[in-house]
Structure formats: C-alpha cells, structure tokens
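J.: kindly return the folded structure for what I paste below:
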Amino acid sequence: MAVQKLPLAKALNESLRKALETDPKVLIMGLDVGKLGGVFRITDGLQKDFGEDRVIDTPLAESGIVGTAIGLALRGYRPVVEIQFDGFVFPAYDQIVSQLAKMRARSLGTVKMPIVIRIPYGGGIGAVEHHSESPESLFAHVAGLKVVTPANSNDAYWMLQQAIQSDDPVIFFEPKRRYWDKGEVDTEAIPGELHKARVARQGTDLTLVAYGPMVKTCLEVAEAAAEEGKSIEVVDVRSISPLDFDTIQASVEKTGRLVVVHEAPVFFGSGAEIAARITERCFYHLEAPVLRVGGYHAPYPPARLEEEYLPGLDRVLDAVDRSLAY
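T.: Sure thing, here's the model as predicted:
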C-alpha cells in the first residue's frame, strides 16, 4: 500500500530501511543505533535485518564518529550518522566545519561527501540542556553544508531519502517533539525538491514562515486566527540552507505581512536572515515590519520552565495581531 499513516519517527525508520535495501554503500552509525535501535528508536530493527557491518554501534565519541564517516565517504560509502541529541554535536563541530564542509571545494569538486548527519533537535519533551537545543543557524552559516528539517511524516520519509542520495553533506535536523505525530506517507510520490519550500496553508492577510517543530504550531495559529476572520498563509521552508526565498517572497507579495517563527533564539537566528532578505526583496509590498518569534537569548531552561521559553500559540498570535494592527 503506497499511502499509510505513520508517526514521524516510524517514517524515518522506513526511509532508512529503504535506503539500506536500495544501496549497499549506505551505512548507519552512531551511539546505540544498533542493538538498542537508537534512543528514540529511529533505527529500531535495522541492525537485526542488515547486520553489524551496515548498522554500526560506535563509542561515545562524536568527533570520531564524524571523522570515521568522512573516511568512509572518501572510500565511496554513504554514511548516515546519528548524533543522539542536539547538544551532543559540538565535539564533532570541528570535523564538520573544518573537514566535512570544505572537502568538495578543497578538491575543486572532485571529491564527493555524501554524508547525512541526523540530529534530533528542539524542546518540548521535558529534557534538560544539551537535550533540547536548536543549533541550526550555526550550521546554516557554514558554506558547504546543506541544512534541512522535515515538519511531517511524509517529508521525513522523502527528505531523508533525498539527503542520502545527495553528494554533498546534509545536516538533517529532526523535530524530536513531533516524532510521535502521525501523518500520511505516500511511499510512491516524491513531494518535491529537497530544498523547495512548501505552502502548508493558503491565506491572504499575513504570511507565517516556520520550519520543523513550529510548522504545526503555526498551522494551529492559522486555525485560531480563522475563527476571528483572519486569513493566514503558512509557509514551511523545509530547507534552511539553501533557503527558498522565492516561495516566501511570492507569499509576502500577496499578503503584505510576514512573521517568522522558530524555536531557536531570535538573536542571530535564521529568522533574521529571512527577515533581512524579504525586507530587501519586498520593501514596497510590506504593510508592516517583519516580525520574529523565537526562543530567548538565554541557555535552555529547566524542563518546568520550557513552555515559557518556547514560542507557543499565544506568542505567535500576539505577533500576528501586532502585524495586522500596524
């Protein structure tokens, strides 16, 4: 059956299974990805079915994991690396920035780097610091890396397939609080290009731009606003680098207003780049300043305070109201 309803986590599992079946050069490696099936069970059952040479349990050494993946890629393999939590990626940041991102340019394009680094990110699961962060802008700023994040099960399935097939390194951020949200997955119909944004909901009064975990929140905001007679368009950017500004521009030229939403701190976040580019491109179409809603410029708080820290329905609706009242 081509269409089935799956949690986002299961869609990722099925996507990895498909990649392992299709290409013998695809390997999965990371902490606890084999016997345990990953801390979120994304790789559940894969080592049993494909063996320890294809699904590899590694030591707790992120720099070594990514360094090994770079060596494997140089020998023609397509490693899919799992970093267990967002905050654990930083021991590997030097490998990613100094080596992985620069290999293709350093070799004038002759060396391919088909590595996917999967990172569960974001809050909302009641975890502590290093387990609830959103470091996507740190990677999007680095030339040579592609940075993507799915917001639903169908995109999770297909975007991971497309990332694995890419000859460039892809940082694949997975919204961990959406792992258990179910959605329809069509395993026969590719939803679009990997780096193309998607209009998740049509509207005429204001554009909400989001990605990953905040897309669902923005769709809920649009529903609530509709009850008050406001027509909100929601754009899921899907790819943070490269970023499809054309789709956002077309939406803002229609609505005249833009609010950008992400969990990461607003300060120097990806929303700042979107706001700057759209202000440049759509200056004469804008009816109000571009507004941003995100996390605060502070370390991630204890779990009991995270709902105050994370952008929610009220904070996004407040920005929508401020923009429409301008």
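J.: all helices of the stretch 151-300 of the chain, in order?
T.: For the stretch 151-300 of the chain, the helices defined by DSSP state H, counting those that start in this stretch cover 153-165, 214-226, 245-255, 270-282.
J.: can you list those helices in CSV and add mean neighbour count?
T.: Any C-beta I mention is one placed from the backbone N, CA and C, and that applies to glycine too. Formatted as CSV, the entries for the helices of the stretch 151-300 of the chain read as follows, by neighbours: other C-beta atoms under 10 Å:
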stretch, mean neighbour count
helix 153-165, 23
helix 214-226, 21
helix 245-255, 18
helix 270-282, 18
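J.: and of those helices, who's closest to V26?
T.: Closest of the helices of the stretch 151-300 of the chain to V26 is helix 153-165, at 6.2 Å (criterion: C-beta to C-beta).
J.: restricting to C-alpha, output the closest one in CSV.
T.: Below are the C-alpha coordinates for helix 153-165, written out as CSV (Å, rounded to 0.1, in the frame of the first residue of the first chain):
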residue,chain,number,x,y,z
SER,A,153,5.9,12.2,8.3
ASN,A,154,5.8,12.4,4.5
ASP,A,155,8.6,14.9,4.3
ALA,A,156,10.5,13.0,6.9
TYR,A,157,10.4,9.9,4.7
TRP,A,158,11.2,11.6,1.4
MET,A,159,13.6,14.3,2.6
LEU,A,160,15.8,11.7,4.3
GLN,A,161,15.9,9.6,1.0
GLN,A,162,16.9,12.7,-0.9
ALA,A,163,19.5,13.7,1.7
ILE,A,164,21.1,10.3,1.5
GLN,A,165,21.2,10.5,-2.3
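J.: got the helices of the stretch 151-300 of the chain as a markdown table, with mean pLDDT and distance to I96 columns?
T.: Formatted as a markdown table, the helices of the stretch 151-300 of the chain follow (pLDDT from 0 to 100; distance: least, C-beta to C-beta, whole Å):
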| stretch | mean pLDDT | distance to I96 |
| --- | --- | --- |
| helix 153-165 | 97 | 15 |
| helix 214-226 | 97 | 24 |
| helix 245-255 | 98 | 25 |
| helix 270-282 | 97 | 17 |
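J.: for R315, find the nearest of those.
T.: Counting by C-beta to C-beta, R315 lies closest to helix 214-226 out of the helices of the stretch 151-300 of the chain; the figure is 9.5 Å.
J.: can you pull the pLDDT of the most centrally placed residue in the chain?
T.: The residue lying closest to the centre of the chain (C-alpha atoms, centre = their mean) is T149, at 1.8 Å. T149 is assigned a pLDDT of 98 by the prediction.
J.: wouldn't it be in contact with F173 here?
T.: Yes. The pair T149 / F173 is scored as a contact, 4.0 Å apart, by C-beta atoms under 8 Å.
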